[in-house]
Structure formats: structure tokens, C-alpha cells
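1. below are the sequence and a predicted model for it; my questions follow.
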Amino acid sequence: MQKMNRILGVCNDFAKCDEVIEVAAKLAQEHGCGVTLMYVHEVSLFELPFFHKEGEMDHAKLLETLEEKAHAAGIETPAILLFEADTADHVAEEVEREGDTLVVIAYAGKTTKKVAAKLSTPLLVLKEDLHLYTKAVVALDAVMPERCIDFMHRFFEGVSLHLYQDFQYIPLPSVDPVVEPFDPGMDANLYLELMEAKREAFYDFCKEKGLQGTFETGENGIDEDTVAFVKKRDADLLVLAPLDRDTMLGDAVGDILEQSPVDTLICYEGNV
């Protein structure tokens, strides 16, 4: 994974704008990145003082305020973008234009989920008040997270990583009894073989990388299991490393974001 050269702080919830800017500033200072701040005026924010009674954005006042906040956080020359509506589209367009970008955004329900569904670039979603990371759970699915671990080592240096795989049972296609007699033990046997192969590959990978890991067989949904494990480990950062959006973990990203008790970094292992 290439080194990020820009941090994009998305401030579409003005009440959480300060923490987005502070985290973006900290990461940029540590890694020599430029910073872009984006404020998107969604319909639900019309009541904020930066908008006229008619619902029109007071661009000058908002720009001045964001510049003051950026300078106070140590960002000397921020690029500031102001838009109205469609946060996910504007973020995706800016990421595509800039290239290697880490996006930082405070969790804001459906809006954040839409952003997550649009991006393949790393996305850090802020959910806690403090953002001092020491222990991270890295949740993965079928593919070992080589690129994600490399990114974590270089961009979140010093954070202890614990790998986690929640092996979920996937029913095999049903057998046509006309073509082949049904064997009620067939699904179970193949499932056990696959599970043991995944378990062995997982722990071999942990050993190779010198990392601790936990392999579990899912009893609930992958979202519930992952969140429960984060709480059990008392982690302060959750890293989601699905291969793409079509895997079970990739499909559960939105639900995990909603339930996660800690800041969550989404870092796709493959191309999406």
C-alpha cells in the first residue's frame, strides 16, 4: 500500500468539526501530509448558525471559521472545500482527484455509511472523544491482510495489533436428489474441513507476522461477533480489513460502523 500523501478531513457535522480537524492535523504532522478540509451542508444542518434563514450557506463566515480552527490545530495551509448535499459523492470525487488519501470523518449515521460504501481508500471513522490508539483489533475475512498490516505499521506506528477472524458458516448449494442422493453429513464434513484449513492458515499467518490472533467460529452475525470481541479485548481502535464489499465482512461494514464502540478504520485488502 502506498504512503498517504494527503489527509481529507470531512466536517459535515459542525459539532464534531474540531475533533476531525485535530485528528487530521496530528496525522498530517506525523507523516508530512497535506490537509484538505471539506464541509458539506446536508439538509439536516440547516439550523446551524452558518446558514441564512432561507437555508443558504454563509460561505464567507464558514470559510473563516474553518481556517481559524485549522490554524489553531497547527495546519498552516489547509485546502478548504465547501459543498451542499451529497457528502459521499463529494468525498469520492476528491479522493479520486487527489489519489493517495486517508479520509477522516466523524460518525454521522447514514451519511457515514454512504461514504464508506463509496470509498476504497482508507477511511478512519471517529466514534470516541479520545483518539490515542494503543490496542487495535484487525478483523479480516478470507484473505490475510498484508496491505492493511503494512499500512498500520507505517501510519499508526506503535499500535499493538491483534488479528481476529470470525469464521461464519455458509450453507453449501443443495444437492438435486434426482442426480445424487442427499448425504446429510456432507455439508457438515466439508464445513469442518474448510474451517480447519482456514484456522491453520490464520495462525500460520499470525506466526509469520509475529502477531497475536484469535480465530472464532461465529455464533451470531459477523457484526455482533466483531463488536463483542473488540469489547472483550478492551481495544481502542477497530480495523476492518475485508477483501472487498462482496465478502461477509465487507457486506457488514455499515452495521459494524453503527455498533462499534471505538474509532474504526476501514482498509480494504483488495481493489473495490
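-> That came through, no problem.
2. contacts and neighbour counts: CA atoms only from here.
-> OK.
3. was I right about residue 63 contacting residue 80?
-> Yes: using Cα atoms under 8 Å, residue 63 makes contact with residue 80 at a distance of 7.3 Å.
4. would you map the strands across the stretch 101-250 of the chain?
-> For the stretch 101-250 of the chain, strands defined by DSSP state E, counting those that start in this stretch occupy the ranges 101-106, 123-126, 135-140, 160-167, 212-217, 237-241.
5. ok, residues contacting the first one?
-> Right, the one you point to is strand 101-106. Strand 101-106 is contacted by residues 4-11, 13, 16-17, 20, 23-24, 95, 112, 121-127 when judged by Cα atoms under 8 Å, 6 or more residues apart in numbering.
6. helices and strands of the protein: which one bottoms out on pLDDT?
-> helix 186-209 (a mean of 88; mean pLDDT, DSSP states H and E).
7. what helices or strands is it leaning on?
-> strand 160-167, strand 212-217 (3 or more Cα pairs under 8 Å, 6 or more residues apart in numbering; DSSP states H and E).
8. make a markdown table out of those strands and add distance to residue 146.
-> Listed next are those as a markdown table, based on distance: least, Cα to Cα, whole Å:
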| stretch | distance to residue 146 |
| --- | --- |
| strand 160-167 | 12 |
| strand 212-217 | 14 |
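9. which one, of these, ends up nearest to residue 132?
-> Smallest distance to residue 132 across these (Cα to Cα): 12.2 Å, for strand 160-167.
10. what's the closest one packed up against?
-> Looks like strand 160-167 contacts strand 135-140, helix 186-209, strand 212-217, helix 222-233 (3+ Cα pairs under 8 Å, 6+ apart).
11. any low-confidence regions in this structure?
-> 1-3, 43-57, 169-186, 271-272 (pLDDT under 70).
12. the domain parsing of it - what is it?
-> Taking automatic domain parsing as the reference, the chain has its domains at 1-126, 128-272.
13. dump these into CSV; add mean neighbour count as well.
-> CSV is the format used below for those (neighbours: other Cα atoms under 10 Å):
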stretch, mean neighbour count
domain 1-126, 18
domain 128-272, 17
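14. keep only those of the contacts of strand 101-106 that are in helices.
-> Within the contacts of strand 101-106, residues falling in helices by DSSP state H are 17, 20, 23, 24, 95, 112.
15. redo those residues as JSON lines? Include distance to residue 243.
-> Formatted as JSON lines, the ones in helices among the contacts of strand 101-106 follow (distance: Cα to Cα, whole Å):
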{"residue": "17", "distance to residue 243": "31"}
{"residue": "20", "distance to residue 243": "27"}
{"residue": "23", "distance to residue 243": "26"}
{"residue": "24", "distance to residue 243": "26"}
{"residue": "95", "distance to residue 243": "20"}
{"residue": "112", "distance to residue 243": "20"}
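16. what's the farthest-apart pair in the residues you listed?
-> Among those, 17 and 95 lie farthest apart (Cα to Cα), at 19.4 Å.
17. residue 33 is in contact with residue 100, correct?
-> No: Residue 100 lies out of contact with residue 33 (Cα under 8 Å); the separation is 10.3 Å.
18. what sits in contact with each of these two?
-> 4, 5, 6.
19. ok, of those residues, which one's closest to residue 252?
-> Nearest to residue 252, judged by Cα to Cα, of these is residue 4 at 25.7 Å.
20. any idea how far apart the tips of stretch 221-240 sit?
-> Chord length of stretch 221-240, first to last residue, is 15 Å (Cα to Cα, to the nearest Å).
21. residues in contact with it?
-> Counting by Cα under 8 Å, 6+ apart, residues outside stretch 221-240 touching it are 132-140, 166, 168, 218-219, 248-249, 252-253, 255-256, 259-268.
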